[in-house]
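Visitor: Sequence first, predicted model second:
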Amino acid sequence: MKRYFCCIIWVCIAWNVPLSGNTGKDELRERIYVQTDKQMYLAGEQIRMKLLTTDTEQVPLVFSKIAYAELVDNSVARIQSMVELTNGTGEGQMQIPADMPTGYYRLIAYTRYMRNESASIFFEKNIAVVNTYQSGYYPDEQEAATENHYPPNRENSSGTISLQPDKSTYATRNRGELILNGLPENIHTLSVSIAGKDWTPTAETGASLFRQNQTKQPAEFTGAFLPEYEGHIVTGKIIDNQTGTPLFGEILPVTRQPSVEDKPVQMNDIPGQLNVLDSLLQVLKQSTSDEQMQKNLREFMAGIVQLKSGEQNIPTMPDELPDPNETNLLMVIPALSYPGDEIRFFPGQRTETGDVRFVTTGISGMKEIATTVFAVDDKYRIDVQSPFVTRFASKQPSTLHIDSACYSQLLERSVALQVLHYFSADPSSNWNTSEPYFKMKPSMSYPLDEYTRFATMREVFTEFIIGARFRRTDGKWRLSSFVKRGFQHTYGTAVLVLLDGVPITDHEIVFNYDPLTVETINIYYGPCNLGGYQFDGIIELITYRRLHQDLNPGRSTQIVPFNGPQLFTPMVTNNYSDGNNRQSRMPDSRHTLLWNPDVQTDGKSSIRLPFDTSDLTGEFQATVEGITKDGQFIFTTAVFKVE
């Protein structure tokens with residue numbers, strides 16, 4: 001954690017960014033812009049977004065790593081989404097619920113750092129939603145139907161850039177190309193979308209929204225929100241389980257009273273055990289070719305030789321280990337982890353207000369979060385706080401009037417959406433997962449199916465787990481792990497135990513856990529440093545289902561749903577360049593034909609982008625949006641028909 005704060009101080013010095021209460025004009029200010037694949041959606045459709053951060057002059061800015069987007073009615077968020085930013089840009093999705101009423105909604109986007117000013121500088125645009133499942137969507141028969149119910153073409157603010165399709169009319173299930181000419185060399189990011197042409201009137205175009213960001217006046221800078229320049233910052237409150245109220249004072253750990261006195265382990269206390277362990281290590285050494293494993297085995301064999309020699313100058317192993325990391329067992333450590341088969345564990349630090357702050361990274365795509373407090377038994381828990389604003393200043397949106405001429409178009413699109421849902425997987429299940437921040441090879445790994453199966457965890461650890469064991473302390477079973485101190489190896493008790501990524505503070509839970517549900521046990525010999533805390537090792541248990549099933553971790557540990565930051569998930573399209581695919585009996589009901597939020601131009605002034613039409617007919621609009629490295633906005637559109 002100290003590393004994070006040092007980085008913050010360095011950034012502030014480099015950019016003259018104050019972290020609190022400075023209302024001068026020299027602070028770094030951040031703005032955000034959002035492009036969507038279209039302006040009008042049906043309830044049940046997915047909003048695809050491209051987010052871009054800039055400074056107040058609209059020059060691309062690489063600072064925050066997380067952006068937030070909320071779809072708001074008049075004041076309350078109906079949908080919320082976190083998006084991971086890379087080099088100042090990110091792509092995300094919002095799934096509109098099938099029961100969302102018809103009307104205009106505000107799409108509001110911001111970063112955590114932008115909350116140091118006010119909501120007045122957040123990005124905002126109107127999104128129309130039509131719910132064809134509810135009676136309120138029916139067209140207004142009193143409005144006169146007109147042929148030209150589409151808004152006029154959007155303005156072209158791209159200067160010399162031109163966009164045109166290679167044809168003006170396409171057949172269904174046909175391959176086409178968009179031709180982009182006059183592109184500048186210094187493009188920072190560029191995105192392209194093709195969707196059915198919107199018939200709902202929009203007050204702002206992409207270019208006007210971009211200019212609004214530039215004209216927004218900076219507000220007073222509070223410095224209350226640290227920037228998320230490393231990754232998502234999770235905040236929580238420590239709650240007293242007895243009273244249910246937040247705790248603001250000091251937390252005292254549970255006192256541990258040693259049940260036995262420290263005494264050296266005598267060789268006649270463990271007759272033959274070191275000889276057996278020595279033989280096992282010899283066999284392992286001969287049967288493995290892994291260099292790291294060979295190195296670990298050589299170190300442990302050297303330690304066994306020293307123990308067998310009985311030399312007086314070799315430190316003995318006491319029954320109750322007074323090691324330097326023993327204080328970790330007596331420290332109140334708030335911790336957060338993300339369940340799964342990878343280690344995503346982050347110790348936290350308390351703030352001046354009594355909250356707990358966790359600086360995380362590598363958590364995109366996570367669906368659950370686990371919090372715990374070490375050394376307090378079940379006295380306290382951590383309640384995670386929402387990172388979203390959620391409630392905004394009330395603003396009554398205008399009424400969405402639906403022209404009766406659009407009835408057949410909406411009906412066709414609604415049927416196509418239902419067909420698409422029937423033949424497609426749940427889009428929310430397709431999120432990518434980022435690589436974990438902590439990634440290292442375990443010292444020893446035990447796929448339990450390759451060993452004799454035992455009915456208890458004690459038997460599993462006793463019979464073939466090398467370097468980890470259960471021992472009785474204070475009348476309870478605790479796990480200990482091999483740790484290297486100086487030139488010696490010993491058993492340390494300050495061990496981090498994870499079951500499917502969930503921290504286990506009461507090791508008797510593992511002692512009583514069904515080993516037949518566990519697929520693999522990984523042992524990481526210590527010392528292991530995580531977030532400023534040093535552990536004597538990590539013992540990781542991974543079940544077959546990776547769902548921590550039948551786990552009751554106690555009242556100090558909570559496992560709650562969590563929608564982590566989104567990584568880009570490419571849109572699934574069909575390739576009709578091959579004539580055989582056109583004869584497929586699988587329906588193609590895409591209303592958005594192309595969504596490419598990261599077009600690579602490689603400095604070229606002219607590029608061609610292929611796309612494929614679907615089974616839907618009508619007018620489609622291609623939209624190109626982007627920004628150059630010096631802050632020039634790129635925006636142009638083109639329209640074609642599918643018959």
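Guide: On my side now, so go ahead. Numbering: from 1, shown residues only.
Visitor: tell me the mean pLDDT over stretch 131-145?
Guide: Averaged over stretch 131-145, pLDDT sits at 58.
Visitor: ok, now stretch 601-617?
Guide: 93.
Visitor: Start and end of that stretch, how far apart?
Guide: In stretch 601-617, first residue to last residue: 30 Å (C-alpha to C-alpha, to the nearest Å).
Visitor: got the buried residues for it?
Guide: Using 16 or more other C-beta atoms under 10 Å as the burial criterion, the residues of stretch 601-617 that qualify are 607, 609, 611-614, 616. C-betas here are computed from N, CA, C, even on glycine.
Visitor: list the contacts for Phe63?
Guide: Residues near Phe63 by C-beta atoms under 8 Å, 6 or more residues apart in numbering: 28, 30, 53, 88, 111, 113, 227, 229.
Visitor: Repeat that for Tyr544.
Guide: Tyr544 neighbours (C-beta under 8 Å, 6+ apart): 517-519.
Visitor: any idea how far it lies from Asp449?
Guide: For Tyr544, the distance to Asp449 equals 10 Å [C-beta to C-beta, to the nearest Å].
Visitor: okay, and the common contacts of the two?
Guide: Glu519.
Visitor: Out of the contacts of Tyr544, which end up buried?
Guide: 517-518.
Visitor: From the contacts of Tyr544, which land in strands?
Guide: Among these, the ones falling in strands (DSSP state E) are 518-519.
Visitor: between the contacts of Tyr544, which is nearest Met40?
Guide: Glu519 (47.8 Å; C-beta to C-beta).
Visitor: Thought Asp449 was touching Met518, still the case?
Guide: Careful, residue 518 is Val; it's not Met. No: taking contacts as C-beta atoms under 8 Å, Val518 lies outside contact range of Asp449: 10.1 Å.
Visitor: Tell me how many other residues surround Ala393.
Guide: 10 (other C-beta atoms under 10 Å).
Visitor: Which element, helix or strand, includes the most centrally placed residue in the chain?
Guide: Centroid-nearest residue in the chain: Ser364, 2.1 Å away (criterion: C-alpha atoms, centre = their mean). Using DSSP states H and E, Ser364 is not contained in any helix or strand.
Visitor: Nearest residue to it in space, please, no chain neighbours.
Guide: Spatial nearest neighbour of Ser364, excluding adjacent residues (C-beta to C-beta, 6 or more residues apart in numbering): Ser434 at 4.0 Å.
Visitor: That neighbour contacts Ile363, correct?
Guide: Yes: contact criterion C-beta under 8 Å: Ser434 and Ile363 qualify, at 6.8 Å.
Visitor: The two: which has the busier surroundings?
Guide: Ile363 (26 against 18).
Visitor: Might you report the residue contacts of the more buried one?
Guide: Counting by C-beta under 8 Å, 6+ apart, Ile363 has contacts 231-232, 338, 344, 434, 564-565.
Visitor: And it, how close does it get to Gln534?
Guide: For Ile363, the distance to Gln534 equals 23 Å [C-beta to C-beta].
Visitor: quick check: domain ranges of this protein?
Guide: Domain assignment for the chain by automatic domain parsing gives 2-228+570-642, 267-297+437-554.
Visitor: The ones you listed: which one's closest to Ile251?
Guide: When these are compared (using C-beta to C-beta), the closest one is domain 267-297+437-554, at 14.0 Å.
Visitor: where do the helices sit along the stretch 501-643 of the chain?
Guide: 508-511, 579-582 (DSSP state H, counting those that start in this stretch).
Visitor: name the helices or strands packed onto the first one?
Guide: In this structure, helix 508-511 makes packing contacts with helix 457-463, strand 476-485, strand 495-499, judged by 3 or more C-beta pairs under 8 Å, 6 or more residues apart in numbering; DSSP states H and E.
Visitor: Student question: in the chain, what's the helix or strand with minimum average pLDDT?
Guide: Across the helices and strands of the chain, mean pLDDT, DSSP states H and E gives its lowest value to helix 2-15, namely a mean of 43.
Visitor: I'd like the next helix or strand past it.
Guide: Downstream of helix 2-15, the first helix or strand assigned by DSSP H and E is strand 31-36.
Visitor: Check what contacts the very next helix or strand once past that next one and list those residues.
Guide: The helix or strand immediately downstream of strand 31-36 is strand 40-42, counting by DSSP H and E. By C-beta under 8 Å, 6+ apart, the surrounding residues in contact with strand 40-42 are 47, 96, 127-132, 198-200, 410, 413-414, 417.
Visitor: Cool, thanks, signing off.
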